[in-house]
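Q: With the input below, show me the fold.
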Amino acid sequence: MVQNLHGRERIGTLVWGQFVKRLFVRILVGLAAIAVAAAANAEPAKIRFILDWKAQGPGAWFYVARDKGYFQAEGLDVLIDQGDGSAAAVSKIMTGTYDAGFGDINAVIQNAALHPGEQPLMVYMLYNRAPYALIVKADGPIKTLKDVEGHVLAAPAGSATERMFKPLALKNGVDASTVKVLNAAPNLIEQLLVTGQADVIAQFAPTSYMNFLAMKKSPEKDFRWFFYSENGLDLYSNGILVSQKLLKENPEAVRHLVAALNRAILDVAANPDLGITTLMNVEPLTNFDLEKQRLIYTIDQQLRTEEVAKLGLGDLDDNRLQAAIKTVADAYGLSRQPSMDEVFSRAFLPPKADRMMSPGH
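A: Take a look at the predicted model:
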């Protein structure tokens, strides 16, 4: 009788243990379901994003990320505004007007030295080869870089190309103080050169190249080009920037932002028509063929480099960046040279395999 009681107690204990275990599993499943539902219904992280320029071909990937749902898939709600200069984009992020944007790493270097702790951080390098160029009339008086002394240079206010003219001049023995800078609206820069109101313009090469075509001019025959990269300045240029505030308060949002844009950039690089078709939803008056040419020119000249083939999009070479920091610091007489981690971080990049470009478009 006693043995039976003990046996029943053991059976009862086993049954109770199984019941508790099943109950525990059900609770865990329920909690997981609640967590999944909560995540699905969570408010997306809002990010205000400033472009470097107007809605043109080379900005198509930003709109693809938005309109194709890449941002949404990453739990983001991104507001995109058009910009008025690569260096200006840096300033607007610093003021807190925007959380992130597309701007010039050399302006980041300057601000890291002058306003440490306030500068945006570049988390994805896109323009591996800087598109900076000085452009003059082929039949004009300027035959060499030295010849720009004493002449009028036109550029948009906030232009990274104008800002980096001083380092270019220093590298080539040009007295930049003798050059009068004329700031004008972006859509007037090429006209100022053609009409003779400026002797030289400082512009992104893809911008002027296509604008000359639209003006029925021959970019190669009618103009002489001085590319900074061919005249002693091996610089990086534009990439994805994020504010110090966003970095501190929501680093996961930064990671998701980079992932969404990396996906869109690769899609557009492989299929430029996708980019321009999306762009036309933003700017219905877009000239499809012209902007497609501008986009392909940018992809081929700024993105397809030996370094990108080795490292993948988004990353950069530390030695080359260190040299660029020194170049900018020397040219502007900065009180100190910022460290690389004040300027760029690869911590938010997707795996290298996810950042490799296809062979062609």
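
Q: can you pull out the strands in the protein?
A: 45-50, 76-81, 100-104, 121-125, 132-137, 152-155, 180-183, 200-204, 223-227, 238-242 (DSSP state E).

Q: closest one to Phe212 among the ones you listed?
A: Closest to Phe212 of the strands of the chain, according to CB to CB: strand 223-227, at 6.7 Å. Heads up, the C-betas are built off the backbone N, CA and C, glycines and all.

Q: hmm, back to that, reformat the strands of the chain as JSON lines; add mean neighbour count, mean pLDDT and distance to Gln110.
A: JSON lines is the format used below for the strands of the chain (neighbours: other CB atoms under 10 Å; pLDDT from 0 to 100; distance: least, CB to CB, whole Å):
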{"stretch": "strand 45-50", "mean neighbour count": "21", "mean pLDDT": "98", "distance to Gln110": "18"}
{"stretch": "strand 76-81", "mean neighbour count": "17", "mean pLDDT": "98", "distance to Gln110": "23"}
{"stretch": "strand 100-104", "mean neighbour count": "28", "mean pLDDT": "97", "distance to Gln110": "9"}
{"stretch": "strand 121-125", "mean neighbour count": "25", "mean pLDDT": "98", "distance to Gln110": "13"}
{"stretch": "strand 132-137", "mean neighbour count": "24", "mean pLDDT": "97", "distance to Gln110": "15"}
{"stretch": "strand 152-155", "mean neighbour count": "22", "mean pLDDT": "98", "distance to Gln110": "17"}
{"stretch": "strand 180-183", "mean neighbour count": "14", "mean pLDDT": "96", "distance to Gln110": "17"}
{"stretch": "strand 200-204", "mean neighbour count": "26", "mean pLDDT": "97", "distance to Gln110": "17"}
{"stretch": "strand 223-227", "mean neighbour count": "18", "mean pLDDT": "98", "distance to Gln110": "22"}
{"stretch": "strand 238-242", "mean neighbour count": "27", "mean pLDDT": "98", "distance to Gln110": "13"}
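
Q: of those strands, which approaches Lys352 most closely?
A: When these are compared (using CB to CB), the closest one is strand 121-125, at 13.0 Å.

Q: that older thread, put together JSON lines for the strands of the chain, with distance to Asn172 on each row.
A: Converted to JSON lines, the strands of the chain look like this (distance: least, CB to CB, whole Å):
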{"stretch": "strand 45-50", "distance to Asn172": "32"}
{"stretch": "strand 76-81", "distance to Asn172": "36"}
{"stretch": "strand 100-104", "distance to Asn172": "20"}
{"stretch": "strand 121-125", "distance to Asn172": "25"}
{"stretch": "strand 132-137", "distance to Asn172": "10"}
{"stretch": "strand 152-155", "distance to Asn172": "14"}
{"stretch": "strand 180-183", "distance to Asn172": "17"}
{"stretch": "strand 200-204", "distance to Asn172": "14"}
{"stretch": "strand 223-227", "distance to Asn172": "9"}
{"stretch": "strand 238-242", "distance to Asn172": "23"}
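
Q: since we're on Met280, how many residues are nearby?
A: 17 (other CB atoms under 10 Å).

Q: ignore the last one, Lys146
A: Lys146, neighbours per other CB under 10 Å, totals 12.

Q: where does it land on pLDDT?
A: In this model, Lys146 is scored at 98, pLDDT.

Q: Let me see the contact set for it.
A: Asn172, Gly173, Val174 (CB atoms under 8 Å, 6 or more residues apart in numbering).

Q: which of those residues are buried?
A: For those, a burial check counting by 16 or more other CB atoms under 10 Å picks out Asn172, Val174.

Q: For Val328, state which of the contacts of Lys146 is nearest.
A: Distances from Val328 to these, taken by CB to CB, are shortest for Asn172, at 15.8 Å.

Q: The closest one contacts Asn231, correct?
A: Yes. Counting by CB atoms under 8 Å, Asn172 does reach Asn231; the two are 5.9 Å apart.

Q: joint contacts of the two?
A: Contacts common to Asn172 and Asn231, judged by CB under 8 Å, 6+ apart, are Leu145.

Q: Look up which residues are beta-bridged to Arg224.
A: Val136 (DSSP bridges).

Q: ok, now Asn238?
A: Asp104.

Q: Would you confirm that it contacts Phe102?
A: Yes. Asn238 is within contact range of Phe102, at 5.8 Å (criterion: CB under 8 Å).

Q: Now do the shared contacts for these two.
A: What both Asn238 and Phe102 touch, as defined by CB under 8 Å, 6+ apart, is the set Asp52, Ser86, Leu126.

Q: which ones among these are found in helices?
A: Residues from the shared contacts of Asn238 and Phe102 lying in helices, with DSSP state H as the criterion: Ser86.

Q: any idea which of the shared contacts of Asn238 and Phe102 has the most stuff around it?
A: That'd be Ser86 among the shared contacts of Asn238 and Phe102, by other CB under 10 Å, with 33 neighbours.

Q: Do I have it right that it meets Gly101?
A: No. With contact defined as CB under 8 Å, Ser86 does not reach Gly101; the gap is 9.4 Å.

Q: Overlap in contacts, those two.
A: Both Ser86 and Gly101 are contacted by Asp52, under the criterion CB under 8 Å, 6+ apart.
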